[in-house]
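Trainee: Based on what follows, work out the 3D shape:
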Amino acid sequence: MWTLRKRESAAWTPSFAWTLAGLAHLVGAVFAPVLVVSVPSLSYYVYRRYGDERPPV
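Mentor: Predicted coordinates:
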């Protein structure tokens, strides 16, 4: 049976970057459905509210 030696199992420890990457993926997975709905609906609202008016530069 294959087992890890003590020295090999202690060679890798997760860094803070792995935590941030995992958190970013979790947030992206949770909020993706919200973005899919909110971006088009907010775009539609802004278009209906302001029409083709161009803001003054």
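Trainee: For the rest of this, base every contact and every neighbour count on C-alpha atoms.
Mentor: OK.
Trainee: Can you pull out the low-pLDDT segments for this protein?
Mentor: Residues of the chain meeting the criterion pLDDT under 70: 1-11, 53-57.
Trainee: quick one: the helices in it?
Mentor: Per DSSP state H, the chain carries helices over the ranges 6-9, 16-50.
Trainee: Please spell out which residues along the last one are buried.
Mentor: So the one you mean is helix 16-50. Buried residues in helix 16-50, counting neighbours by 16 or more other CA atoms under 10 Å, are absent.
Trainee: any idea how far residue 51 is from residue 32?
Mentor: The spacing between residue 32 and residue 51, counted by CA to CA, to the nearest Å, is 28 Å.
Trainee: Residue 31 too?
Mentor: 29 Å.
Trainee: go on, residue 37?
Mentor: Residue 37 is 21 Å from residue 51, by CA to CA.
Trainee: before we move on, what about residue 22?
Mentor: To residue 51, residue 22 is 41 Å away according to CA to CA.
Trainee: Ok, residue 43 next?
Mentor: Distance from residue 43 to residue 51, by CA to CA: 11 Å.
Trainee: How about residue 20?
Mentor: When residue 20 is compared with residue 51 (using CA to CA), they lie 41 Å apart.
Trainee: try residue 36
Mentor: From residue 36 to residue 51 the distance is 22 Å (CA to CA).
Trainee: State the phi and psi torsions of residue 15.
Mentor: When read as degrees, to the nearest 10, the backbone of residue 15 gives phi -100, psi 180.
Trainee: ugh, wrong one, I meant residue 13
Mentor: Torsion angles, degrees, to the nearest 10, at residue 13: phi -130, psi 140.
Trainee: mind checking how far it is from residue 20?
Mentor: 15 Å.
Trainee: Also residue 36?
Mentor: Distance of residue 36 to residue 20, given as CA to CA: 23 Å.
Trainee: again with residue 37
Mentor: On the measure of CA to CA, residue 37 and residue 20 end up 26 Å apart.
Trainee: And residue 52, by the same measure?
Mentor: 41 Å.
Trainee: Then residue 41?
Mentor: 30 Å.
Trainee: repeat for residue 12
Mentor: Distance, residue 12 to residue 20, by CA to CA: 17 Å.
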